[in-house]
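In: return atomic coordinates for the entry below.
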Amino acid sequence: MSSPVKKTTIASLVKRWNDEKQAAPLVRDLKKFLKNGHLDHTLDLRGAQFVASDRVVDFHLVSGEFRDADLSFGKGAICVNSARLEKLVAKRFAFDQASTFHKCQIIDANFEGAAVKCFAEDAEFTNCAFRNTTFKGGFQEYGFRRCVFRECNFEGIRWKNTYLRAVEFHQCEFKDACLETSTLVGVRFFGFSDWKKIVKKCHVEGIYLDGVRLEMDMPE
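Out: Alright, predicted model coming up:
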């Protein structure tokens, strides 16, 4: 069972990474996590900045199984390649444009309130929360290609200039969601039919509802 994380201010979470005594054990835990895939408690990386530094290494997960990490209130690149990641918490995380999800499985993750900018390809997200996230991409430069979302929560999202190609959404929640000035090509919705309510000024090519391709004009 994961140990409880003490409540504290965001400022103190960020500041501790500049204090050698506070940062050293956190960095040791991170290195153990990258090697073993988990610890006997939650990996506490709240407030960390994954940028060029002598202290913090990049959060790159490659070819393995990883679980139970908290990156909330941090910023930088998250890269998951050919790996399985469970129980990631990244609330209000500011994604660097170098973030990638490639041929991976993301399970029970919480990205609530995050500023997302990434490229994901052949990735599967299961029971993940994207509530109130923002996404400001560059159309085909950033977005999702051949990805599958299962029972994920997109409530309140505000995604702009996002690229979705051959993406599947299975039993996902889209209350008050908005995809604006985005490109949707061959997108499939299962268990959700009100797709027109969530798109605004989008370029749409091929929408499928429960396996059936729709032929209809977009609303004004």
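In: use CA for all of it now, contacts and neighbours both
Out: Will do.
In: give me the helices and strands touching the lowest-mean-pLDDT helix or strand in the chain, please.
Out: Across the helices and strands of the chain, mean confidence by mean pLDDT, DSSP states H and E is lowest for strand 49-50: a mean of 83. Judged by 3 or more Cα pairs under 8 Å, 6 or more residues apart in numbering; DSSP states H and E, strand 49-50 is in contact with strand 75-76.
In: partner strands of the strand it packs on, with direction?
Out: Using DSSP bridges, the strands paired with strand 75-76 are strand 49-50 (parallel), strand 94-95 (parallel).
In: hmm, who's touching that strand?
Out: Applying Cα atoms under 8 Å, 6 or more residues apart in numbering, the external contacts of strand 75-76 come out as G47, A48, Q49, F50, V51, F93, A94, F95, D96, S99.
In: pLDDT check: weakest of these?
Out: Checked by pLDDT, those have V51 as the lowest-scoring entry (65).
In: distance to K21 and mean neighbour count added to the strands paired with strand 75-76, as a markdown table?
Out: Formatted as a markdown table, these follow (distance: least, Cα to Cα, whole Å; neighbours: other Cα atoms under 10 Å):
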| stretch | distance to K21 | mean neighbour count |
| --- | --- | --- |
| strand 49-50 | 17 | 22 |
| strand 94-95 | 25 | 22 |
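In: could you pull out the helices for this structure?
Out: 10-15, 20-36 (DSSP state H).
In: please identify which of those is closest to D68.
Out: helix 20-36 (9.4 Å; Cα to Cα).
In: helices or strands up against the closest one?
Out: Contacts defined by 3+ Cα pairs under 8 Å, 6+ apart place helix 20-36 against strand 43-44, strand 65-70.
In: swap the cut-off to 10 Å and go again
Out: Packing contacts for helix 20-36, counted by 3 or more Cα pairs under 10 Å, 6 or more residues apart in numbering; DSSP states H and E, involve strand 43-44, strand 59-62, strand 65-70.
In: in the chain, where is pLDDT below threshold?
Out: Applying pLDDT under 70 to the chain picks out residues 1-8, 51-57, 139-140, 216-220.
In: and the residue nearest the centre of it?
Out: F111 (5.6 Å; Cα atoms, centre = their mean).
In: alright, calling it a day.
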